[in-house]
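# give me coordinates for this.
(one chain, ligands or ions: 1)
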Amino acid sequence: MPVTRLQIVARGLTHRCPNCGARTLFKPGALFRINAQCQPCGFRFERDKDEGFYLGSLSLNYGVTLVGCLLPVLLLWFNHVIGDKLAIGLAVGGAVGFPVLFYRSSRSWWLMNYYLLFPQHLPANGGTGRGDESTNR
Ligand SMILES: [Zn+2]
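Numbers count the residues shown, from 1 in each chain. Next comes the predicted model:
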């Protein structure tokens, strides 16, 4: 198999194209705009038949915000390490700021999770990359 699961994870964690590894997932200079397609390999990041594909990245972002930001604040406040005002400030700031900072990673990680489960769907592994393959192994 040309693209291994380890490569898919490494590319996902570094916001690269899961198919070829190029830094083409996001538009240059734009923080939140994903490219429709990878220029070097032609892999389509946008899914024509699956418009809600990236909705999962929102759930991922929400979950990581809860576990990575709000839960630690809650534990610090509950154990009287920080006061009420600081806890509220950190929680509100974290609830707004953390998802913004994690947005690009959540998109990339969602794509990584999909191809980690279905590496045979990548064009480099013989798939179409459009998500219309059978999920049978
Ligand atoms: Zn590519």
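# quick one: pLDDT of the residue nearest to residue 42 when sequence neighbours are not counted?
Here the nearest residue to residue 42 in space, its sequence neighbours aside, is residue 123; by C-beta to C-beta, 6 or more residues apart in numbering that works out to 7.4 Å. Every C-beta, even on glycine, is put in place using the N, C-alpha and C of the backbone. pLDDT, residue 123: 93.
# doesn't residue 40 make contact with residue 123?
No: under the criterion of C-beta atoms under 8 Å, residue 123 makes no contact with residue 40, lying 11.9 Å away.
# which one's more surrounded, the two?
Summary of the neighbour comparison: residue 123 and residue 40, criterion other C-beta atoms under 10 Å, with residue 123 having more neighbours (19 against 12).
# what sits against that one?
Each residue near residue 123 by C-beta atoms under 8 Å, 6 or more residues apart in numbering is listed here: 19, 41-43, 129.
# ranking by neighbours, what's the top pick from these?
Neighbours here mean other C-beta under 10 Å. Within the contacts of residue 123, the largest count is held by residue 19, at 27 neighbours.
# which pLDDT value goes with the nearest residue to that residue once chain neighbours are set aside?
Distances taken as C-beta to C-beta, 6+ apart place residue 43 nearest to residue 19, at 3.9 Å, with adjacent residues excluded. Each residue has a pLDDT score; the one for residue 43 is 93.
# any idea how far residue 43 lies from the ion?
Residue 43 sits 4 Å away from the ion when distances are taken as C-beta to the ion, to the nearest Å.
# equivalent analysis for residue 45, please.
Remark: distance between residue 45 and the ion (C-beta to the ion) = 9 Å.
# could you dump the contacts of residue 123 to JSON lines with secondary structure and distance to residue 113?
Written out in JSON lines, the entries for those read as follows (DSSP: H, G, I helix; E, B strand; the rest coil; distance: C-beta to C-beta, whole Å):
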{"residue": "19", "secondary structure": "coil", "distance to residue 113": "15"}
{"residue": "41", "secondary structure": "coil", "distance to residue 113": "20"}
{"residue": "42", "secondary structure": "coil", "distance to residue 113": "22"}
{"residue": "43", "secondary structure": "coil", "distance to residue 113": "16"}
{"residue": "129", "secondary structure": "coil", "distance to residue 113": "15"}
